[in-house]
Every structure is written in C-alpha cells, then in structure tokens.
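**Q** Just the structure for this:
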Amino acid sequence: MSDPCFFSIAETLAKFRRKETSPVQLVESYLARIQQFQPRLNPFVHIDAESSRARARESETRFSGKHPPRPLEGIPLTVKSSLDVAGWPCPAGSLLRRDYIPHTNATLVTRLEDAGVILLGNTNTPEFLMSYETDNLLTGKTSNPWNPAYSAGGSSGGEAAAIASGCSMGGIGSDGGGSIRTPAHACGICGLKPTPGRIPSTGHFPPAEGSFPWLGVVGPMARTVADLQALFSIIAGPDPADSLSSPIPARTIVQTALHGLRIGILENPELGRPTPETLSTLRRAAQLLCELNFRVEPLKLNDLEQALELWWFFFGPVVADLFRRYAQGQESQLSPMFRHYLETAIPANPITLESFQKACTDRDQVRAAILRQLRDVPILLSAVSTEPAFPHGAGNYTPGQPHNYRDTMRFCQWLNLAGFPGLSLPMGRSPEGLPIGIQLIARPHEEELLLAVAAQLEQARGPWQSPPTP
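**A** From the prediction side, this is the model:
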C-alpha cells in the first residue's frame with residue numbers, strides 16, 4: 001500500500017530514519033485526507049491542525065538533531081472525545097458537556113505525547129457512549145468507510161472510522177460492553193479491550209471509579225496487531241489515580257511457546273445466532289489456527305447467561321440511574337438514542353443496597369467460575385457480534401427487534417462483566433462487502449499472549465485491506 005496514510009507504525013518510523021519522508025510531510029498528508037473524508041464520514045469532533053504541525057516540526061528536529069527520537073516519534077494518532085486532552089473540547093457526544101474543556105491530559109494521553117506521538121484530533125461518540133451507533137445532537141452521525149449508509153459502530157465509532165479511512169494511524173477508544181471491539185469489527189480494523197487496570201482510565205468520561213470500575217476500560221485501536229502492540233507498550237502500566245491499577249510487568253512471548261497452545265471455540269447458544277457469513281468467517285479463523293499448530297477444539301462455558309444478566313444490571317439500570325441524576329432538569333437536551341437507552345434501562349424492581357451488593361457478589365462468583373473452566377484453555381475464539389454493521393438508525397435496545405444490542409452484542413458484553421481482555425481482528429466480508437471480525441479472548445492480564453496469537457492469525461490471514469476508494 002503506497003499511500004503514506006496507510007503505512008504501519010513500524011514502516012513509518014523506518015521511513016523517518018531513512019529520510020524517505022518526514023513527520024511534517026506525513027502530518028500534511030493526514031490533514032489533507034481528513035479534509036477529504038470529514039464531510040463524508042464525520043469521524044472527528046475536533047481537529048488541531050496548528051498543534052499537529054508544530055509537534056511535527058519538533059519531531060523532525062529529533063530525527064536530525066542532537067535529541068534522539070522517542071519510541072513513537074512523529075506518529076499521527078487520534079483519541080476518542082471522552083478522553084481529556086488539555087485545551088480540547090471533550091463532550092462525550094453530549095450537549096450537556098459542550099462547554100467542557102479540560103486543563104490537563106488523561107494519563108495515557110500524556111504517555112503518548114511523551115513517546116513522541118502527534119495527536120491530530122479527537123473523534124466522535126454517541127451521547128455518553130451508551131450506544132453501539134455513533135450519533136448525537138452535538139456533532140451528528142459517523143458513517144462507515146466501507147459504505148456510508150451503514151453505521152461505524154459505537155461507542156468508539158469515530159475512532160474506528162478515522163483509522164479505517166486512513167485519517168489516523170491508530171488511536172485510543174474505550175469499552176464498557178464492546179465499544180472498542182464492535183466498531184473495530186464494523187470498520188475492519190483491530191481493537192484491544194484490556195483487563196481493567198492494565199491501561200489507566202484516568203481522565204476518561206464517564207469515570208471508571210466507584211463501586212464497579214471494572215466495567216469500562218480504555219484501549220488501543222489500529223489497522224494491524226503490531227500497531228496495537230506498539231500502542232499498548234506505551235500506554236500500559238500502573239497509575240496511582242486508577243483504582244484498579246496494578247504493576248503487572250510487561251512480558252515477551254516467544255513464538256515457539258505458542259506451539260500446541262489450546263484454543264477453545266466458544267459454542268454457547270445463549271450468545272446468539274450469528275449470520276451464515278459470520279459463522280463461515282469463524283470457521284476460516286479456526287482452520288488457520290489449526291494450520292498454525294494450535295490445538296483448536298469446541299468449548300462451552302457455563303455461567304455466561306448469568307454473566308450477561310449481571311452485565312445488563314450494571315450497564316443498564318445502575319448506570320442509567322446515575323445518568324438520570326446527572327441530567328436532571330436538562331432532559332430536553334438529551335439525544336433520542338440516549339433517551340431510548342434510559343427508557344429501556346428501567347429495572348423491573350427498584351435497585352436497593354441489598355440488590356446491588358448481591359449483584360457485586362454474584363459478579364465475583366461468576367468470574368471465578370469462568371476462570372476455573374479456563375484453567376487449561378488460555379485463549380478463546382468467538383464472534384464479535386452476530387452480524388456486521390447495521391444501517392444508520394437501525395440499532396436499538398428494544399427486546400425482540402432486529403439489530404437489538406442485547407441480542408447481537410452478547411459475544412462482547414460478558415467480557416466486561418468478567419474483566420477479561422478481548423481483541424477484534426478483521427477476517428471476512430459480508431455479502432454487502434462489509435467487514436466481519438473475529439474475537440480472541442484471553443484470561444485476565446494475559447494481553448501479551450493475546451496479541452501474540454492474534455499476530456500469527458493475522459499473518460496467516462494476509463495483508464490488511466483498506467475500504468474502497470470513493
């Protein structure tokens with residue numbers, strides 16, 4: 001792929017060192033591409049061309065001056081507009097936050113900038129991130145680069161669309177029920193939902209704190225697994241301000257150690273009925289893993305139905321109650337999509353302290369039960385969603401309706417309840433030409449193993465394919 005906006009991080013750094021291109025030239029290429037695609041796809045909330053150019057000039061001096069280049073020197077990235085970047089609007093898709101301008105960076109934003117990254121801008125989300133489609137009253141809808149009539153997914157849909165269309169080399173999303181993995185699947189890129197605490201979520205809205213901080217995490221999104229790994233290596237690590245942060249040491253996985261590793265193909269009917277093309281894509285991934293000398297076998301996990309019910313208890317009624325309090329008196333400014341979420345997240349019975357405490361205890365017990373079943377199976381293979389991207393406006397929380405999130409996204413949601421890492425990897429196409437991703441799942445804190453397995457599968461799959469040129 002000759003377009004510099006589609007080079008990988010490693011290729012770009014090598015070209016910088018060989019003087020085949022420069023950070024200044026690359027940033028100009030990205031800004032020109034953003035100008036071309038923003039009107040068509042609307043992935044961006046804020047574009048900081050002036051700062052990008054200034055940082056590019058600074059990076060250029062490091063490749064030719066006395067100060068050595070930093071690990072990601074001159075790499076143009078983006079972040080979701082729910083992460084604080086000092087001086088940038090951070091609305092999280094809501095009119096209620098349109099005037100919020102943070103004065104400090106989120107922890108991971110500082111880590112990226114300290115590594116030499118050039119942040120081009122931040123990207124669109126649904127209101128308060130509570131939908132699998134990216135649309136809101138403040139900045140409008142984001143379209144899928146493969147077909148603008150379809151959604152880019154959510155809630156990190158703007159990030160996925162920017163990366164897939166070549167308007168960003170990679171970036172950071174967040175995930176409370178599939179919000180990194182499903183837009184990555186919808187737009188044909190890679191996305192990593194880490195274990196809570198591996199990457200600090202300090203500076204993210206909604207904040208991952210309080211009684212259930214394990215529900216939502218932040219993580220990298222990119223076109224290739226190698227780029228995910230490059231970003232993960234920079235932003236992972238402990239942060240005293242993150243309540244779940246722990247000093248998990250980075251590990252190197254030797255490829256020969258993967259030989260014969262057990263991989264379970266998740267076969268649980270309660271996760272939903274994937275489309276025929278999704279099942280075909282999963283079979284292809286399983287066959288490639290077999291050819292790579294992994295031990296691939298069917299696996300059915302107990303307790304997933306309860307995990308899904310508990311996930312909805314927290315993500316639905318509990319979180320909705322917090323948002324109702326936040327928006328009290330300002331309901332007229334809420335988007336239709338967000339109001340739909342609030343209307344469907346009303347509990348059958350009032351939430352009491354006793355019911356909340358019981359749900360927290362049940363969550364711990366379900367997580368332990370799943371971990372016991374995976375004692376000898378370090379990796380799982382599953383769908384990301386039962387279907388590819390859906391048309392704009394078709395997604396919903398209404399039980400029994402087509403494209404219902406609680407039916408189609410169950411393959412992703414249980415991981416957020418259990419705190420497991422998951423990775424979305426593009427693998428196939430639907431009859432409409434839309435991407436279909438597969439999901440690889442690891443046990444908590446085993447992101448390095450997850451990335452190593454994904455890298456082998458990606459290599460067997462073949463080079464990444466860009467969306468068709470409009």
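**Q** so where is the chain shaky, pLDDT-wise?
**A** Confidence mapping of the chain against pLDDT under 70 gives the ranges 1.
**Q** residue nearest the centroid of it?
**A** residue 180 (1.8 Å; Cα atoms, centre = their mean).
**Q** What distance do you get for that one to residue 94?
**A** For residue 180, the distance to residue 94 (Cβ to Cβ, to the nearest Å) stands at 20 Å. Heads up, the C-betas are built off the backbone N, CA and C, glycines and all.
**Q** Next, the contact list for the residue nearest to the centre of the chain, please.
**A** Residue 180 makes contacts with 156, 173, 174, 191, 192, 193, 219, 221, 424, as judged by Cβ atoms under 8 Å, 6 or more residues apart in numbering.
**Q** hmm, 10 Å instead?
**A** Applying Cβ atoms under 10 Å, 6 or more residues apart in numbering to residue 180 gives the contacts 80, 153, 155-156, 159-160, 172-174, 190-194, 217-221, 412, 422-424.
**Q** count of neighbours near the closest residue to residue 3 other than its chain neighbours?
**A** Of all residues not flanking residue 3 in the chain, residue 166 sits nearest, at 6.5 Å (Cβ to Cβ, 6 or more residues apart in numbering). Using other Cβ atoms under 10 Å, residue 166 has 24 neighbouring residues.
**Q** One more: residue 51?
**A** Residue 51, neighbours per other Cβ under 10 Å, totals 16.
**Q** Secondary structure element for it, which one?
**A** Residue 51 belongs to helix 49-62 when elements are defined using DSSP states H and E.
**Q** Now that helix - C-alpha only, CSV.
**A** Extracted in CSV, the C-alpha atoms of helix 49-62 (Å, rounded to 0.1, in the frame of the first residue of the first chain):
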residue,chain,number,x,y,z
ALA,A,49,-4.0,21.3,12.7
GLU,A,50,-1.9,24.0,14.2
SER,A,51,-0.7,21.9,17.1
SER,A,52,-0.1,18.9,14.9
ARG,A,53,2.1,20.9,12.6
ALA,A,54,4.1,22.4,15.5
ARG,A,55,4.6,18.9,17.0
ALA,A,56,5.6,17.6,13.6
ARG,A,57,8.3,20.2,13.3
GLU,A,58,9.6,19.3,16.7
SER,A,59,9.7,15.6,15.8
GLU,A,60,11.5,16.4,12.6
THR,A,61,14.4,18.1,14.5
ARG,A,62,14.7,14.9,16.7
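**Q** Can you name the next helix or strand after that helix?
**A** strand 76-80.
**Q** gap between that following strand and the chain center?
**A** 12 Å (Cα atoms, centre = their mean, to the nearest Å).
**Q** do the same with stretch 196-211
**A** Once both centres are worked out by Cα atoms, centre = their mean, stretch 196-211 turns out to sit 14 Å from its chain's centre.
**Q** cool, stretch 255-265 as well?
**A** The chain centroid and the centroid of stretch 255-265 are separated by 25 Å under Cα atoms, centre = their mean.
**Q** give me every residue that touches residue 363.
**A** 212, 214, 215, 306, 307, 310, 311, 313, 314, 417, 418, 419.
**Q** change it to 7 Å
**A** Residue 363 is in contact with 310, 417, counting by Cβ atoms under 7 Å, 6 or more residues apart in numbering.
**Q** Report the separation between it and residue 413.
**A** Taking Cβ to Cβ, one finds residue 363 at 13 Å from residue 413.
**Q** same question, residue 195
**A** Note on residue 195: its distance to residue 413, by Cβ to Cβ, is 16 Å.
**Q** Next: residue 277.
**A** Residue 277 is 22 Å from residue 413, by Cβ to Cβ.
**Q** Between those two, which has more neighbouring residues?
**A** residue 413 (23 against 17).
**Q** which element follows the helix or strand where that one lies toward the C-terminus?
**A** Using DSSP H and E, residue 413 falls within helix 410-418. Moving toward the C-terminus from helix 410-418, the first helix or strand encountered (DSSP H and E) is strand 422-429.
**Q** Does anything pack onto the next helix or strand along the chain from that following strand? Which helices or strands?
**A** Moving toward the C-terminus from strand 422-429, the next helix or strand (DSSP H and E) is strand 435-442. Applying 3 or more Cβ pairs under 7 Å, 6 or more residues apart in numbering; DSSP states H and E, one finds that strand 435-442 contacts helix 181-187, helix 276-291, strand 379-383, strand 422-429, helix 447-461.
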